[in-house]
Structures are given as C-alpha cells and as structure tokens.
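>>> output the structure for:
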Amino acid sequence: MSISIMGVITALLGIWGQLAGVRFLVYSLVISSLFVATSAISLAGKPILVAFLLLAFLLLYLIRTPGFLHRVWYLIQNNQAIKWFTAYCVFAVIVSVVAPTVFAGQVKILTFSAEGVFVGDLNFNTGHIAQIIYALAALTIFLTVSFIIQTNKSFQSVFASAILWMGVINIFFAVSDLLNFYIGFPDIISVFRNAEYAMLDQSFGSVRRVAGIFPETSAFSSFTAAVGCFAFFLYRAGFRSQLSRNVAAASLLLVVLATSTSGYVGLAMFALLVALSEMRQLRRGYLSKVVFFAAISGLSVALLMFILFYEQIMLVLDAAVFNKLGSDSGMERFSWNSLAWGDFLETYGFGVGLGGNRASSLLIVLLSNVGWIGFTLYCMAFFHVMKGSFIAQDSEQAVIGSAAKKGVLVALLPAMAAATAPFQGTFFYILLALANIRTKDK
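Sure, this is the predicted structure:
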C-alpha cells in the first residue's frame, strides 16, 4: 500500500472536516468528484480515488448522528428510488460472485491487463472485485447524499452551490491545459493524473483537444456538459444567477472546443431539453430572453471560431468525429460490444458480473454484466429518480431537483454510446440523489 501527496491532503481535509462540520465535507466531496484520475491510495496496484476517501470521512461524521442506521434503513424501505437502486446494487454484487462460478470456462470475455487486451475464459478476477467496490461506492454516495438532504432539505442548495464551484475549478484546469499546450504555461495538471489510467494524446497537430485533469477528452466533455446543463437551468431559475451563468457559458463553450463525440451527444440532449422547456413559450409565440441570447451568443462564437480556425477545426472533426466509427478505435469498440452481447446471450440473460467484460455502451455493459434482471432494476431506480421520491418544501428545492434531472440525462446519453463500465463517477450519483425530488402534489 502506498499513499500519494493528494492522499495526504485528502486525509487532512477529512480530519479537519470532523471539526468543521458537514457543510465543509459536502463541498469537499463534490469538488473531489472532479478528480477522476487522481489516486489517494494505491492498494495492490489499484487506485483508491480521492472522492472515495472523502466519502469515508463524510460517513465517519454522519454515523455520529443519532439514529443514523435506523434513518438510512427507513430511507431504503420508504423511498422508491433508493429501494430500487439498493436492489440493483445487491443483485449486481450477487451476480458478480455467482456468474463466474456457474459459467466458468463456458463464456469468452474481453479482459485488460498490463500486456494489452485479450479474449479469455470467464473467471472471477480483479475486474469483478474493482467493480463490486465501485457499485457499493455508488450506493453509498446515493444513500449518503439522500440522507443529508432528507435530514435537512436546505442542504440541497449547499450541494448545488458546491457543484457550481466545482465547475469553476474544472474550467480553471481546462484553461490551464490549453495554456500549457499553446504558450507553455506551467504544467499544474500532471500531479493530479496519478491513478495510472491510460492517458491518451489529446493533440491533433497544432490543435489541442481539451481534457483538463481527465484522462481523455471524452470523459472531460461528457462531465462538463452535465455541469454546464445543471448550471444553465439553475441560472434560468435565478439560483446564484451570476455564478451559474458564468459556469454554464464557460462549460458549454469548452465542450464545443473539445471536439468530442461524447460531448456533442451531451450537447444535443441539452439542446433538446432547452427546446422542451420552451414549448409553452413557443406556443404563445415568444422565446425567453435567456434562451434567445444564449443561442445568438453560441452561434456567433461558433461562427467566428469556424472562420478563424477553419483548417484546424476540420482536421480535428475529421479525425475525432466524422471518421470515428471507421477508425481503428471505432472498429475495436464495435467488436467489444459484439463480444459483450454474446456474453449476455451465452449466460441466458444472467450476465457475467460487474467488471466481467468490457464494452463501449452503458446499455450493453449493464445487460452483459448484470443481465436483464439487473438492467430492469437499474431502469426502475432511474424511473423513480426522474419521477422524484422526496417532496420539495419550496420552489428552490424544486428548481435544483429539476436542474439535476436534466444534468443526469445529459450525462447519461453519452454514456449510452461510450461508457465502458457500470460505475459512472461520483458526480453522477450526487446528481442522481439531487434529482430524486418532486414538487408538492396539488
């Protein structure tokens, strides 16, 4: 076991949080969700992310709350979204233990190692262990955020504010990444990329595709699109309008500059959500000022960039978007999905367990990992999140819940096209918990 300098800093923040209180720990957890390529501790060569370490410190604080376990159990029993998501995680863990035993040697799976990618027989391996841990972490995040909100509804605005400030930090790292490439600005990012994930070259000739502190542009783009969407709908509702406006504008612009297919899929969902939210105004024959000026500004910036950097833009779009399916990477990912679908069929729809194989679509990942039962449980949890299980006590909570629902959708659509594992990141499950709210029944 080894601990990095970021692990030391995280531990100090967690210890200080025991004195500073839950608000400090909430901000720390939300901001730490940005550091997806930053390892705090390495166990047997496997990284433990800073968000997981801070989650442990947040739990350490919360378990001192009177009746903590009883109230968590009450949530699981009475909150439909939490009940279904808990059922999904429990079933996923069971499948991950049972499937490699039942179907050992009968199913071919795609596995990754230091030597590369190869096809082998299904057996219980480190991939199962890692994804079981991630599934339990996802459940813990969902339960923890839900518990905090249920205990004190005002903390929903604390989470929303923390996400906005996390967006500011994300923008800072993205701009630093660009400045480092173009003008030799000091590299302040590499220290955060210590989780030993594959760091792909994000440059095409003289053009830099934005990645920030993420391992690749695709991860950055889908993450930032969700943040930008969340901030935009908060701005429309007047929640911390100046901060949310700036975060939304900068985040969405960076997604455009990143030239990532995943990011553009997220932007397409964002545009659809904006259009749907404007349907009532459009029926009356007018468009809201926010949407009008956002659309004009976005189109103006896009047109100006296209005119000034036509050759560079076409080079990147040709390599990263237009010819992606026909590229070696696109064909490779198609073969992953084909083999994963075969795993689903060969296990009679039962699945090979979390982390049992690799695919390039959340839909295929879920079906091949946890089968049709696990997929159904996941869908039921998602349905109840979108419906909302908590009842908002005021308009601000309803606004945050609505913005979180839209952010979840923007994060989920790119995952359907590119996710390689069931775990979608700490930020996704925080958003999921914030989205699990509805307005009072009239």
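>>> now the helix or strand containing Trp73: average pLDDT?
Element membership for Trp73, per DSSP states H and E: helix 68-78. Taken as a whole, helix 68-78 has a mean pLDDT of 92.
>>> same question, stretch 401-418
For stretch 401-418, the per-residue pLDDT averages 92.
>>> cool, and stretch 336-355?
Here the average pLDDT along stretch 336-355 is 88.
>>> identify each buried residue in that stretch, please.
336-337, 339-340, 343-344, 346-347, 350-355 (16 or more other CB atoms under 10 Å). For glycine as for every other residue, the C-beta is placed from the backbone atoms N, C-alpha and C.
>>> next one: stretch 228-247
228-237, 239-240, 243-247.
>>> out of the residues you listed, list just those in helices.
228-236, 243-247 (DSSP state H).
>>> a markdown table for those, including distance to Thr144 and pLDDT?
Formatted as a markdown table, these follow (distance: CB to CB, whole Å; pLDDT from 0 to 100):
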| residue | distance to Thr144 | pLDDT |
| --- | --- | --- |
| Gly228 | 25 | 95 |
| Cys229 | 23 | 95 |
| Phe230 | 19 | 97 |
| Ala231 | 23 | 96 |
| Phe232 | 27 | 94 |
| Phe233 | 24 | 94 |
| Leu234 | 22 | 95 |
| Tyr235 | 27 | 93 |
| Arg236 | 29 | 89 |
| Leu243 | 25 | 96 |
| Ser244 | 24 | 95 |
| Arg245 | 30 | 93 |
| Asn246 | 29 | 95 |
| Val247 | 24 | 96 |
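>>> now render those as JSON lines, adding distance to Ser277.
Formatted as JSON lines, those follow (distance: CB to CB, whole Å):
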{"residue": "Gly228", "distance to Ser277": "15"}
{"residue": "Cys229", "distance to Ser277": "11"}
{"residue": "Phe230", "distance to Ser277": "14"}
{"residue": "Ala231", "distance to Ser277": "15"}
{"residue": "Phe232", "distance to Ser277": "10"}
{"residue": "Phe233", "distance to Ser277": "8"}
{"residue": "Leu234", "distance to Ser277": "13"}
{"residue": "Tyr235", "distance to Ser277": "13"}
{"residue": "Arg236", "distance to Ser277": "8"}
{"residue": "Leu243", "distance to Ser277": "21"}
{"residue": "Ser244", "distance to Ser277": "15"}
{"residue": "Arg245", "distance to Ser277": "16"}
{"residue": "Asn246", "distance to Ser277": "21"}
{"residue": "Val247", "distance to Ser277": "19"}
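>>> the nearest residue to Met269 once chain neighbours are set aside and Ala268: what is the separation?
Closest residue in space to Met269, ignoring its immediate chain neighbours: Leu413 at 4.5 Å, by CB to CB, 6 or more residues apart in numbering. Per CB to CB, to the nearest Å, Leu413 is found 8 Å from Ala268.
>>> higher neighbour count, those two?
Taking other CB atoms under 10 Å, Leu413 and Ala268 do not tie; Leu413 has more neighbours (22 against 14).
>>> tabulate the CA atom coordinates of the helix or strand where the more buried one lies in CSV.
According to DSSP H and E, Leu413 maps onto helix 395-418. What follows is helix 395-418, C-alpha atoms only, in CSV (Å, rounded to 0.1, in the frame of the first residue of the first chain):
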residue,chain,number,x,y,z
SER,A,395,-39.5,26.4,-5.1
GLU,A,396,-35.7,26.5,-4.7
GLN,A,397,-35.6,22.8,-3.9
ALA,A,398,-37.8,22.1,-6.9
VAL,A,399,-35.6,24.1,-9.2
ILE,A,400,-32.5,22.3,-8.0
GLY,A,401,-34.2,18.9,-8.4
SER,A,402,-35.3,19.8,-11.9
ALA,A,403,-31.9,21.0,-13.0
ALA,A,404,-30.3,17.8,-11.5
LYS,A,405,-32.7,15.7,-13.6
LYS,A,406,-31.6,17.4,-16.7
GLY,A,407,-28.0,17.1,-15.8
VAL,A,408,-28.5,13.4,-15.2
LEU,A,409,-30.0,13.0,-18.7
VAL,A,410,-27.1,14.9,-20.3
ALA,A,411,-24.6,12.7,-18.5
LEU,A,412,-26.4,9.5,-19.3
LEU,A,413,-26.9,9.9,-23.1
PRO,A,414,-23.1,10.0,-23.9
ALA,A,415,-22.6,7.0,-21.5
MET,A,416,-25.1,5.0,-23.6
ALA,A,417,-22.8,5.5,-26.5
ALA,A,418,-19.3,5.3,-24.9
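>>> check which residues of that helix are buried.
Buried-residue list, helix 395-418, by 16+ other CB under 10 Å: 396-415, 417-418.
>>> again with stretch 426-442
Within stretch 426-442, judged by 16+ other CB under 10 Å, the buried ones are 426-438.
>>> filter those down to just the ones in strands.
Among those, DSSP state E puts 437-438 in strands.
>>> and the buried residues of stretch 426-442 as CSV, adding pLDDT and distance to Ala51?
Output for these, formatted as CSV (pLDDT from 0 to 100; distance: CB to CB, whole Å):
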residue, pLDDT, distance to Ala51
Thr426, 95, 4
Phe427, 96, 9
Phe428, 96, 11
Tyr429, 97, 10
Ile430, 97, 10
Leu431, 96, 14
Leu432, 95, 15
Ala433, 95, 14
Leu434, 95, 16
Ala435, 94, 19
Asn436, 91, 20
Ile437, 85, 23
Arg438, 75, 28
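>>> just the closest of the buried residues of stretch 426-442 to Leu69, please.
Looking at the buried residues of stretch 426-442 and their distance to Leu69, the nearest is Ala433, at 18.4 Å (CB to CB).
>>> hmm, the closest one is touching Thr140, no?
No. The criterion here is CB atoms under 8 Å, and Ala433 misses it with Thr140 at 11.0 Å.
>>> follow-up on the earlier one: tell me the two of the buried residues of stretch 336-355 that are most distant?
The farthest-apart pair in the buried residues of stretch 336-355, when distances are taken by CB to CB, is Trp336 and Phe350, at 19.7 Å.
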